[in-house]
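Participant: Below is the sequence, then the predicted model.
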Amino acid sequence: MALPDKNEWFEEEIEPHESSLKAWLRNQFGIEHIIDDIVQIAYMRVLRAQDKGTISSPKAYLFKTARNVAIDQLKDLKKRQAEPLENHTNIVYLENWDNAKDILEHRNEVELLKASIAALPQRCREIFVMRRLHGLTSAEISRKLGISTHTVSSQLTIGLKKCTEFIERATNRPKRLQ
């Protein structure tokens, strides 16, 4: 007996449960704003598991996977709520993404950017966050911190250079030619 292809299996065994899965997630966790994200991540994990071997009960596996994803997402949300605003560089609006792969790639990029900002020296990070995340002008930052606009500009240049180098090292990308 030939196994159905991946798309056919997904359409027959997983997709029909989407509406009941979303209703169950709403009822269990009350997390309307991230349900679609949870479902996409669960789909991705189920497909990966199916690649490794046949799932004997696809519906049960889907619901258990979605439950685990929801718990992970809630832990992450709770952790972010306890962090200062400048640490929220990982806020991502996912409504416009087409699939779980794109979502995860974007989240990985955001986490890498967050790590590069965290690696900056304290004053440089403070100036970089004020400019890039809060949108303050160099003059506003200068007044707020009691430093010259030249210092602000220099620190922004240093911050951008260090973030770029951090990301290049982390992704093993060669430096771009200037």
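Facilitator: Received, thanks.
Participant: In three-state terms, label His134 for me.
Facilitator: Classification of His134 using DSSP: H, G, I helix; E, B strand; the rest coil returns coil.
Participant: In the helix or strand where Arg143 lies, which residues are buried?
Facilitator: Using DSSP states H and E, Arg143 falls within helix 138-145. Buried residues in helix 138-145, counting neighbours by 16 or more other Cβ atoms under 10 Å, are found at Ser138, Ile141, Ser142. Where you see a C-beta, it was placed from the backbone N, CA and C, and this is true even at glycine.
Participant: what kind of secondary structure is the nearest residue to Ala49 once chain neighbours are set aside in?
Facilitator: Closest residue in space to Ala49, ignoring its immediate chain neighbours: Ile55 at 6.0 Å, by Cβ to Cβ, 6 or more residues apart in numbering. Three-state assignment for Ile55 (three-state DSSP): coil.
Participant: tally of neighbours for Ile55?
Facilitator: Other residues within reach of Ile55, judged by other Cβ atoms under 10 Å, total 18.
Participant: phi, psi of it?
Facilitator: For Ile55, the backbone dihedrals (degrees, to the nearest 10) come out as phi -90, psi 120.
Participant: taking the mean pLDDT, what do you get for the helix holding Arg143?
Facilitator: Helix 138-145 carries an average pLDDT of 89.
Participant: which residues of this structure score low on pLDDT?
Facilitator: 1-4, 78-104, 173-178 (pLDDT under 70).
Participant: mind checking how far the residue nearest the centre of it is from Leu113?
Facilitator: By Cα atoms, centre = their mean, the chain has its centre lying nearest to Arg107, at 2.5 Å. For Arg107, the distance to Leu113 equals 11 Å [Cβ to Cβ, to the nearest Å].
Participant: Having no further points to raise, I will conclude here.
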